[in-house]
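Asks: when you get a sec, could you give me coordinates for this:
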Amino acid sequence: MAAPPLFDEQDRILMGLLQADARASYQYLAEVTGMSASTVRRRVERLIETEAVRLVAVPNWPSLGLYFAAFLALSVDLPRLRSVGNELARMDEIAFVALSTGSFDIFAQLVLPMNADFVRFVTQRVAAIEGIRDIQTFMIPEYIKSFHEYRLPASPNPLYVRESNGAYAFAEDGMTAGRVD
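Replies: Below is the predicted model of the structure:
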């Protein structure tokens, strides 16, 4: 059986509004949602306390003089997986680090002032980390959609809704599962 969501439709609406403007006042959120300001405050505080949402400032790399972005795909000695990931995460130039499965063990996003800085970073900083077997790099010339542009859907996609027994509510043909006509 799937666990019930930690938030309801009103929480989804609040999360969407906060994604658009994390500095929105409780009064504004109340006006838009039709809830009272105190209800909005309690709901937002609960969303933050349960870590369903984090309110953060998202840097705009080019505005900060960081014009070069790339993904690093690393293969590492598995006993050193976390230590390599942690070393990368401590570097100011690394914006994102994740363990992965498949051909690579770690993915990281790198931001630097210029393309010319890339070779220095990889050869002097990354190459010095013990346990890296291979690295492939993927330059990011342009973002089409970045993580800060993601918006939580207003309602769950019916494609992924499950019944209480864990089965999908809709079969692959789009019909209600278990439906008998």
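Asks: quick one: mean pLDDT for stretch 70-81?
Replies: The predicted model gives stretch 70-81 an average pLDDT of 97.
Asks: and that stretch, what's buried?
Replies: Neighbour counts using 16 or more other Cβ atoms under 10 Å place 70, 72-74, 76, 80 of stretch 70-81 among the buried residues. C-beta: built from backbone N, CA, C; applies to glycine.
Asks: do the same with stretch 48-66
Replies: 53, 61, 66.
Asks: possible to save these as TSV with secondary structure, distance to residue 32 and pLDDT?
Replies: Compiled in TSV, the buried residues of stretch 48-66 are given as follows (DSSP: H, G, I helix; E, B strand; the rest coil; distance: Cβ to Cβ, whole Å; pLDDT from 0 to 100):
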residue	secondary structure	distance to residue 32	pLDDT
53	coil	16	88
61	helix	31	90
66	coil	34	93
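Asks: tell me the one of the residues you listed nearest residue 118?
Replies: Residue 118 has its nearest neighbour among the buried residues of stretch 48-66 in residue 66, at 12.0 Å by Cβ to Cβ.
Asks: hang on, that closest one packs against residue 112?
Replies: Yes: checked against Cβ atoms under 8 Å, the pair residue 66 and residue 112 is within contact range at 6.3 Å.
Asks: for stretch 27-39, give me every contacting residue.
Replies: Contacting residues not belonging to stretch 27-39 are listed as 10, 13-14, 17-18, 26, 40, 43-44 [Cβ atoms under 8 Å, 6 or more residues apart in numbering].
Asks: for that stretch, what is the distance to the chain centroid?
Replies: Counting by Cα atoms, centre = their mean, to the nearest Å, stretch 27-39 is centred 27 Å from the centre of its parent chain.
Asks: over to stretch 98-105?
Replies: 16 Å.
Asks: which residues does the residue lying closest to residue 135 once chain neighbours are set aside form a beta bridge with?
Replies: Nearest residue to residue 135, sequence neighbours excluded (Cβ to Cβ, 6 or more residues apart in numbering): residue 74, at 5.1 Å. Going by DSSP bridges, residue 74 is paired in beta bridges with residue 106, residue 135.
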